[in-house]
Structure formats: C-alpha cells, structure tokens
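Engineer: Next one to model:
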Amino acid sequence: MVGGGKGAFIGVVHRMAAQLDGECELVCGAFSSTPDKSKESGQELYLPSERVYGAYEEMFNREKELPEGERMDFVTIVTPNNAHFPVAKMALESGFPVMSEKPMTYSLAEAKELKKIVDETGLLFGLTHNYTGYPLVKEAREMVRTGKLGKIRKIVVEYPQGWLATKLEDTGQKQAAWRSDPKRAGIANCMGDIGIHAENLCEYITGLHITEVCADLTTFVEGRSLDDDGNVLLHFKNGAKGVLHASQISVGEENALSIRVYGVKGGLVWHQQDPNTLIAKWNDRPDEIIRAGGSYLSAPALQNTRLPMGHPEAFVEAFANLYRNYILTLKSILDGVEPDPANLDFPSVEEGIRGMAFIETVVESSASDIKWTRFKSF
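Structural biologist: Numbering: from 1, shown residues only. Purely as a prediction, here's the structure:
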C-alpha cells in the first residue's frame, strides 16, 4: 500500500475490503510521505519493520529484488490525486500490478500516458469506483443489458453531501484540506471527488457513454479555490438525455448517491444509502421491490453477494467485491490460466480515462459560453 497511514480514512477501507475474503494480506507499505509517520503506521498494522518503507520509491526498488513468493504481488494506491500517476507509473515499470483510488490521475494527459504504460507492460490495473461493487447495481446493469427496460431515454444521477458547507479545510481537517487544494486535487473538488462517481455509475449501469455536457459549477464557500457544487446536463451516445448533480454544500446530506434510469418499457431507482433495495417501475403493473440476496437475482448480482436476504451488505462489501474480482483475476494470471470472465468485472484504465475526461470536459463547459461541450476524446 502507498498512502493510507495514520489519520487517513480511505486506506482503512481498502485494507478491510482487500482482506475481507481471505484472498490476500497486507505485506508491506509506504504509508506516508513523511518517513517517520510511515514507520509508525506500519507498526500499528503489525508489519515487520523491514517491510515498512519511508518512500514508495524505496519500496518498489527493494521489493522487486525479493524472490518471487516473498515480494508483494500488487500495490494499492490511496494517496491524494496528485501522487496517483507517479506511483502507478513506477509500480508498473517495476513489474507490479496496480489497484488505485479514483480519480485515476491528476489530469487527462496523465491518464492517457498511464494507459500507454498499462498497455506496454501488460500488467493488471484496477480502479476503485466502489459503488459499482454493490450487488443491486450489478442487478440494475443486468436489467438494462438484457433489455428489460427497453431503449434507455433518461438518466438522472445525483450525489449530494453537506460536509463542506463551511470552510472545513481551514480547521486542519485532513480530508477537506487536500480535496480543496488545486495542487493536490487537480482542477476540481466536488466534481473530481464525487461527481466522477455519479458519471461512472450512470455509464456502468446503462453501458452508454456521455457525448456532450452542459455544466454549471459553483464555489459557494468564500475563499475556497475549487468547486463545491455542480449541475450538469448530459447527452448520451444512443440519444438518451440525462441530469447529473453533485454537491458538497447540501446541508444535512451524507452520501446520498442515487440514480434513476428510464427506458421505453420500464425504469429503475437505486439509492446508495439503502443499497440493498432496487425498485423497478412499470406503467402496466405495480412497482417491484428487488432485494439483495434474493435467489431470483441475476448471476452477476448473486456472485457479488455474500449473505442471505435480510442481512445487509454495504460500503465495505462493495469495495471488497472489486478487490475480490481483481485479486482472483490476478491469481489466474499468476497461475498462467485464463481468468474467469465473471471476475473481470472491476473498473480499469478505460474507466479511469473517461473519469478524467469527464472532469476536464465539465470544467471547460462551466467556463464556456457555449451551451454544449463535446466530451473530450481519447
């Protein structure tokens, strides 16, 4: 692991998720850009001192010299955005597959360069758009894929939060500080942090790519350098229209990611804060309430379900589904056998590039007087 040391929220989640199914264990790390903090974090995680490194460069150089079977098999990147590319680049060039936090890089240019490196090395790359790991998100995707909703016409996706309604970054709160800092976060805060999740979720469920956007980004909190609210109209490749709303100043909201998809035949509604329920809507019959764990679910949904109906699975388990699929795919590669296609269901470099293209297109659109901005090509 690179990053994720003392005081980091998401590193803990990654460690729990990666180890939930007993398919891997944490063996080494460079947990902070400050060597002493990295060592302290490693000690708290009960790692041997010789496998806790003061910098990621040291870790890659030392680990690749260890015999196969002793060195790490892959690296997880849980740093602020500006470090994603250099860490991933060195990991891949050192021979280590990568699982990375989103957004994939600091810029679209870096994302394109990273794809070249992934292609050249042939190593496995995964990206933790974790909301795609929920069983009922996979059920929603399967409903669209098998034509149950008919041709998709309308997509409404939103992700409101309220935690940055004040200038929290001035209080020393670590998560707020780096997300609102252009040097570490990039050109967007709200859109780069949660808007990108909304973009990824609607493309994952529908299989449709965004082709144009009309965006309006706002920084409501005085003195903040990056956006904290955004509203985006969307055009999709098949002619469908959409609305994407992301906000970090919506007072009282937690992580209220939700999506509505409407086709010619039916619709569906899913809320992240009630992740074990999916509602299917029809004009000619009552709504259907679809629950996680039900034997009637599709194979992709059941494969990513651990517990019987009525036993809730949520955020960590969704993360763990991505890790399990990634790890089982990597194990197949290491064993020289063809990966099970069902295990290839995790976001990769292509989704990472689309995420970065979304951020840059939305920022460009918001600054422009032109109504529609073409989605950046790659």
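Engineer: use CA for all of it now, contacts and neighbours both
Structural biologist: Will do.
Engineer: Run a quick check on Gly310 versus Gly293, I expect a contact.
Structural biologist: Yes - the criterion here is C-alpha atoms under 8 Å, and Gly310 meets it with Gly293 at 7.5 Å.
Engineer: ok, these two, which is more surrounded?
Structural biologist: A count of neighbours by other C-alpha atoms under 10 Å puts Gly293 above the other of Gly310 and Gly293, at 23 against 11.
Engineer: Quick one: residues contacting that one.
Structural biologist: By C-alpha atoms under 8 Å, 6 or more residues apart in numbering, Gly293 lies in contact with Leu302, Thr305, Arg306, Leu307, Pro308, Met309, Gly310.
Engineer: Looking at stretch 133-152 now, give me its mean pLDDT.
Structural biologist: Average pLDDT, stretch 133-152: 98.
Engineer: just use 786 as the starting number from now, easier for me
Structural biologist: In the new count, where the first residue is 786, that last one comes out as stretch 918-937.
Engineer: quick one: that stretch to chain centroid distance?
Structural biologist: Relative to its parent chain, stretch 918-937 has a centroid offset of 19 Å by C-alpha atoms, centre = their mean, to the nearest Å.
Engineer: send the alpha carbons of it over as PDB?
Structural biologist: The C-alpha trace of stretch 918-937 is given here as PDB (Å, rounded to 0.1, in the frame of the first residue of the first chain):
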ATOM      1  CA  GLY A 918     -19.500  -3.200  -6.500                       C
ATOM      2  CA  TYR A 919     -22.900  -3.200  -4.900                       C
ATOM      3  CA  PRO A 920     -24.900  -6.400  -5.900                       C
ATOM      4  CA  LEU A 921     -28.000  -4.400  -6.800                       C
ATOM      5  CA  VAL A 922     -26.000  -2.000  -9.000                       C
ATOM      6  CA  LYS A 923     -24.900  -5.100 -10.900                       C
ATOM      7  CA  GLU A 924     -28.600  -6.200 -11.000                       C
ATOM      8  CA  ALA A 925     -29.600  -2.900 -12.400                       C
ATOM      9  CA  ARG A 926     -26.900  -3.200 -15.100                       C
ATOM     10  CA  GLU A 927     -28.100  -6.600 -16.000                       C
ATOM     11  CA  MET A 928     -31.700  -5.400 -16.300                       C
ATOM     12  CA  VAL A 929     -30.500  -2.800 -18.800                       C
ATOM     13  CA  ARG A 930     -28.200  -5.200 -20.600                       C
ATOM     14  CA  THR A 931     -30.900  -7.800 -21.100                       C
ATOM     15  CA  GLY A 932     -33.400  -5.200 -22.400                       C
ATOM     16  CA  LYS A 933     -35.900  -5.300 -19.600                       C
ATOM     17  CA  LEU A 934     -36.200  -1.600 -19.600                       C
ATOM     18  CA  GLY A 935     -36.100  -1.200 -23.400                       C
ATOM     19  CA  LYS A 936     -34.100   1.600 -25.100                       C
ATOM     20  CA  ILE A 937     -32.800   4.000 -22.400                       C
END
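Engineer: where does the residue nearest the centre of the chain fall, phi/psi-wise?
Structural biologist: In the chain, the centroid-proximal residue (C-alpha atoms, centre = their mean) is His914; its distance is 1.8 Å. When quoted as degrees, to the nearest 10, the phi and psi of His914 stand at phi -80, psi 80.
Engineer: quick one, helices of this protein?
Structural biologist: Counting by DSSP state H, the chain has helices at residues 794-804, 820-829, 841-848, 869-878, 893-906, 920-930, 959-964, 967-970, 975, 981-991, 1084-1088, 1100-1120, 1134-1152.
Engineer: can you list those in CSV and add distance to Pro1126 and mean neighbour count?
Structural biologist: Formatted as CSV, the helices of the chain follow (distance: least, C-alpha to C-alpha, whole Å; neighbours: other C-alpha atoms under 10 Å):
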stretch, distance to Pro1126, mean neighbour count
helix 794-804, 20, 18
helix 820-829, 35, 18
helix 841-848, 30, 18
helix 869-878, 23, 20
helix 893-906, 19, 17
helix 920-930, 15, 23
helix 959-964, 36, 17
helix 967-970, 34, 17
helix 975, 34, 28
helix 981-991, 17, 22
helix 1084-1088, 11, 18
helix 1100-1120, 9, 21
helix 1134-1152, 17, 23
